[in-house]
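build the 3D model from these lines:
(2 chains, ligands or ions: 3)
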Amino acid sequence: MALEIIELCTNCWACEPLCPSKAIYEAKPHFLIDADKCNECSGDFEDSQCASICPIEGAILNEDGVPMNPPGSLTNIPLQKLAA
Amino acid sequence: MQLPVINIAAAEPKKGGCSAGSCGSTDKQMDHLPEHIRQKVFNHPCYSEEAHHYFARMHVAVAPACNIQCNYCNRKYDCANESRPGVVSELHHPVQAVKKVLAVAATIPQMTVLGIAGPGDPLANPERTFETFRMLSEQAPDIKLCVSTNGLSLPEEVEQLSQYNIDHVTITINCVDPDVGAQIYPWIFWKNKRIKGREAAEILIAQQQKGLEMLVAKGILVKVNSVMIPGVNDKHLEEVSKIVKGKGAFLHNVMPLISEAEHGTFYGLTGQRGPTNEELQALQDACEGDMNMMRHCRQCRADAVGLLGEDRGSEFTMDKVEQMEINYPEAMKMRAEVHAAINEELESKRLAKEAKVQVVNIQGLKKKETTRPVLMAVATKGGGIINEHFGHAGEFLIYEASSDGVRFIGHRKTTPYCEGDISCGDGESVLDKTLKVLAGCEAVLCSKVGYEPWGPLEAAGIQPNGEHAMEPIEDAVLKVYEEMRVAGKLETTVDEQQKVA
Ligand code: SF4
Ligand code: SF4
Ligand code: SF4
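Residues are numbered from 1 along each chain as shown, chains lettered A, B, ... in the order given. Ligands and ions are numbered 1, 2, ... in the order given. I've put the predicted structure just below:
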């Protein structure tokens, strides 16, 4: 079980220092999670830290490939406005 | 312990028989500050319309992370606190940032202040921010440091902040009421959790206020920025102003919300508008009774370099900086000389101004009538004189003349009517924009006004005036006001006995 950072990531550095497993690293073109190290913060925190601070909706996926922060969940922007 | 800043008006000695310190040339940002604070900030380009023509500041983008979300910010871009949304800065590692700062300081000796303001929240990136401060304190002790923050982690960082040569801290405080805050901040990251809604706003507000108190107790200057969001916090900001002043903030800067749909922010996409120039000015006026207001803030970019309103950032991209050989100890000597010369000039200007205030006071005693205030726009390249063509002005400074004298109100941006001397292709629509920007003004003073815009300006009730080229702004504004009075354009009302000491 591991989370994944995808290309929507803006390289803002917010998640990297928070990871208790040091699974997140700077890479080009965007940050990545080392799937072998990430344990979804179990044992350390209730919520996965990277997904709790990441400001970009859709940048981090769970192990099923579903966004941890789906569109509109962080900004409250109505979906039809996001699409426009 | 509180700094004796709390009662700025009361702390100010009455000079020259002037009752409220508002006669003659009034420069509310600086003259009302107690002497020790004025000394500390008078060569800070962000604090006075005067100083920013002489001294320069720069920002470095070392702090990309943020720990909250503001509805006016699109986190794909720079922090909207201090910068125009929609522009992305070149992000620097602290070592690069320091190199860039030294290069700029050695090339532009007027650069006195280095700020870290983003692109995210500097205190959400404490290692990178403090690493930069630590190196600069060691290598360039003649540069003042400042930092802007949303306040969430401020209380935890006050101790560290107090260890560096920090000139002042800016906190963006948009509200003191969590119900208002819930409409501005969708979430914060707090104690390892994302917290949303009213609870988030409550924590953020408590941290901001606590941080403000702690900084003041440490003797660190605190400026407060607020973003004015019509219908959300516009009325509320008067209360914010009172509270932050009561706690010892020395300056309050109300900035207009900038929101365009293409910025992709919550406010931009949901049609939340920013305030009009008139609304902003009315709020600044309402707050001013309680607090020094900062009216010339140009909301510069987080990576801006140069004098306010100019950006020489392109001369100092990282690849260019890497090529430069900087001998900072040598540069520091040259800088000290330049600073001394500028300070001398500023000081003599200030003394001349004080002398003038006295004269105006004496004349003021004879006149018992009050004339209505008039707004005038001025085109200037800087230096406190009227030296810009109408068609070349990218912004206008707005002054208010009244029987109390002249005061600076703010600046309004536009697109230069005529970018060059010949090719004014799109001139028409640009002029319309400028006319809108100048709404409420009755005259526009510039070094020159072309024939074309003359008619439309007059038709809009704005008298073009090119007769005071190269004159000091405040003198010229006063003269034009006097001409208007003589011409009977200022309906007069009899004052209930001027208050003179
Ligand atoms: S879920 Fe936790 S362990 Fe995994 S990358 Fe994110 S912060 Fe690190
Ligand atoms: S917090 Fe999100 S956007 Fe920022 S670096 Fe991590 S994954 Fe990328
Ligand atoms: S504090 Fe600045 S970077 Fe963070 S969300 Fe607000 S405006 Fe954006």
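
C-alpha only now, for contacts and for neighbours.
Fine.

can you spell out which helices and strands pack onto the one helix or strand residue B:376 maps to?
Residue B:376 belongs to strand B:374-378 when assigned by DSSP states H and E. Counting contacts by 3 or more Cα pairs under 8 Å, 6 or more residues apart in numbering or on different chains; DSSP states H and E, strand B:374-378 packs against strand B:395-402, strand B:441-445, helix B:473-486.

what about the helices in the stretch 251-400 of chain B?
Applying DSSP state H, counting those that start in this stretch to the stretch 251-400 of chain B gives helices spanning B:266-269, B:277-288, B:318-323, B:328-366.

what pairs with residue 60 across the strands?
With no chain named, the answer covers chain A. residue A:5 (DSSP bridges).

wrong one, I was asking about chain B
residue B:116.

repeat for residue B:472
Beta-bridge partners, per DSSP bridges, of residue B:472: residue B:385.

with mean neighbour count as added columns, please give the helices and strands packed on strand B:374-378 in a markdown table.
Compiled in a markdown table, these are given as follows (neighbours: other Cα atoms under 10 Å in any protein chain shown):
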| stretch | mean neighbour count |
| --- | --- |
| strand B:395-402 | 22 |
| strand B:441-445 | 22 |
| helix B:473-486 | 18 |
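
could the ones you listed go into a markdown table alongside mean pLDDT and distance to chain A?
Below are the helices and strands packed on strand B:374-378 laid out as a markdown table (pLDDT from 0 to 100; distance: least, Cα to the nearest Cα, whole Å):
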| stretch | mean pLDDT | distance to chain A |
| --- | --- | --- |
| strand B:395-402 | 87 | 33 |
| strand B:441-445 | 93 | 38 |
| helix B:473-486 | 90 | 44 |
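
of all the ones you listed, which one is nearest ligand 3?
strand B:395-402 (24.6 Å; Cα to the nearest ligand atom).

just the angle for the helix or strand following the closest one relative to helix B:328-366, thanks.
Next along the chain after strand B:395-402, taking DSSP H and E as the criterion, comes strand B:405-413. For strand B:405-413 against helix B:328-366, the angle by axes from the mean of the first three to the mean of the last three Cα atoms, to 10 degrees is 130 degrees.

C-alpha coordinates for strand B:405-413, CSV please?
Output in CSV follows, covering the C-alpha atoms of strand B:405-413 (Å, rounded to 0.1, in the frame of the first residue of the first chain):
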residue,chain,number,x,y,z
GLY,B,405,-3.4,70.7,2.6
VAL,B,406,-2.4,67.9,0.3
ARG,B,407,-2.3,64.3,1.1
PHE,B,408,-1.3,61.2,-0.8
ILE,B,409,-4.3,58.9,-1.3
GLY,B,410,-3.0,56.0,-3.4
HIS,B,411,-1.9,54.9,-6.9
ARG,B,412,-3.9,53.6,-9.7
LYS,B,413,-2.6,51.5,-12.5
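
please identify the buried residues of the helix or strand immediately after it in the chain?
Per DSSP H and E, the first helix or strand lying C-terminal to strand B:405-413 is helix B:427-437. Within helix B:427-437, the residues scored as buried using 16 or more other Cα atoms under 10 Å in any protein chain shown are B:427, B:430, B:431, B:434, B:435, B:437.

give me the contacts around helix B:427-437.
B:277, B:412, B:413, B:414, B:415, B:416, B:417, B:418, B:453, B:457, B:460 (Cα atoms under 8 Å, 6 or more residues apart in numbering or on different chains).

in a markdown table: the residues you listed, plus neighbour count, pLDDT and distance to ligand 3.
Listed next are those as a markdown table, based on neighbours: other Cα atoms under 10 Å in any protein chain shown; pLDDT from 0 to 100; distance: Cα to the nearest ligand atom, whole Å:
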| residue | neighbour count | pLDDT | distance to ligand 3 |
| --- | --- | --- | --- |
| B:277 | 17 | 86 | 22 |
| B:412 | 17 | 80 | 22 |
| B:413 | 16 | 78 | 22 |
| B:414 | 18 | 77 | 24 |
| B:415 | 17 | 73 | 26 |
| B:416 | 20 | 74 | 29 |
| B:417 | 24 | 66 | 32 |
| B:418 | 22 | 63 | 34 |
| B:453 | 19 | 87 | 38 |
| B:457 | 20 | 91 | 37 |
| B:460 | 15 | 90 | 37 |
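
hmm, which two among these are most spread apart?
Farthest apart among the contacts of helix B:427-437 by Cα to Cα are B:277 and B:418. That separation is 22.9 Å.

leaving out the residues flanking it, which one is nearest to residue B:458?
residue B:464 (6.9 Å; Cα to Cα, 6 or more residues apart in numbering or on different chains).
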